[in-house]
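Peer 1: let me see the structure of the following:
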Amino acid sequence: MRTPGHAGSAAVEVQSLAVRAAVLVPVKRFTAAKGRLSGVLTNAERARLARWMATGVLEAVAALPTFVACDDEEVGEWAVSHGASVLWGPGLGLNGAVDDGIGRISAAGHDHIIVTHADLPRPWRLPDMASNGRITIVPDTIRDGTNVMSFPTGTPIDASYGGRSFSRHLAQAEASAQQVDVVDDSDLSLDVDTPDDLAHPLVREVLPEWVRTNRGSRHSA
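Peer 2: Numbering: from 1, shown residues only. All right, here's what the predicted structure looks like:
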């Protein structure tokens, strides 16, 4: 059964205190991230922005066991420096790395997993997405991609990222016996892929000064 949700709903207010939740964050090589911002940011700036957002995600979930799926040594060192465990997955791709991580986290004894993208500029409510016995999915603002999904390890959602991933993940969730909450969260639904994303008022509000004053970013606003 699906329950539409929103920030402040009863579904979001269910806390993760009774759930042995862990967090899985797939992180690609920083220097290869945010290619669609190449018209407004340099290669070095895109890598810096990707690292800044990923660091914010890890800080938001610091109270929970956190695992970073990656295949890059720099990312691995960064993850360890922020208290996360590294799950190496060379050659697996995004979906393969997430599925592998889910299996390894489940085997470690956790009973709930939050899978989140690393490019969320306002990640503070991520821990609230762990609800005992429920599947929670946070789509992006246009309900195409899946920014966050949270589920009991006994009812895993196979990773199916790429165009229209939200509909595929939702179909899997609804085929399960679990309660399903779709949460259109004003913060967690925001990600940064394009110059227009950089111009979003809630994103610009939290961006580092060096991004907000970037000529290309100012122009897109």
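Peer 1: now G56: closest residue in space that isn't a chain neighbour?
Peer 2: Take G56 and drop its neighbours on the chain: the residue closest to it by Cβ to Cβ, 6 or more residues apart in numbering is P123, 5.5 Å away. To be clear about C-beta, it is placed using only N, CA and C from the backbone, and glycine gets the same treatment.
Peer 1: quick check: that neighbour vs P90, distance?
Peer 2: Going from P123 to P90 by Cβ to Cβ, to the nearest Å gives 26 Å.
Peer 1: okay, the two: which has more neighbours?
Peer 2: Just comparing P123 and P90: by other Cβ atoms under 10 Å the higher neighbour count belongs to P123, 26 against 8.
Peer 1: contact partners for the more buried one?
Peer 2: 56-57, 60-61, 116, 187-188 (Cβ atoms under 8 Å, 6 or more residues apart in numbering).
Peer 1: restricted to helices, list those residues.
Peer 2: 56-57, 60 (DSSP state H).
Peer 1: which among the residues you listed count as buried?
Peer 2: By neighbour count, with 16 or more other Cβ atoms under 10 Å, those hold 56-57, 60 as buried.
Peer 1: quick one: which of those residues is nearest N95?
Peer 2: Nearest to N95 among those: V57, at 19.1 Å, using Cβ to Cβ.
Peer 1: spatially, which two of the contacts of P123 are the most separated?
Peer 2: Longest distance between any two of the contacts of P123 is 13.9 Å, between V61 and D187; criterion Cβ to Cβ.
Peer 1: settle it for me: which of those two has more neighbours?
Peer 2: V61 (24 against 18).
Peer 1: let me know whether the more buried one touches A118 as I believe.
Peer 2: No. Taking contacts as Cβ atoms under 8 Å, V61 lies outside contact range of A118: 11.2 Å.
Peer 1: picking up where we left off before, tell me the one of the ones in helices among the contacts of P123 nearest D158?
Peer 2: The nearest member of those to D158, counting by Cβ to Cβ, is V57 at 22.1 Å.
Peer 1: could you list the low-pLDDT ranges of this protein?
Peer 2: Residues of the chain that meet the criterion pLDDT under 70 lie in 1-18, 214-221.
Peer 1: quick one: the helices in it?
Peer 2: Counting by DSSP H, the helices of the chain are 10-13, 43-60, 73-81, 93-107, 165-174, 195-199, 201-204, 209-212, 215-220.
Peer 1: in CSV: those helices, plus distance to D181.
Peer 2: Listed next are the helices of the chain as CSV, based on distance: least, Cβ to Cβ, whole Å:
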stretch, distance to D181
helix 10-13, 4
helix 43-60, 19
helix 73-81, 29
helix 93-107, 19
helix 165-174, 9
helix 195-199, 25
helix 201-204, 22
helix 209-212, 32
helix 215-220, 33
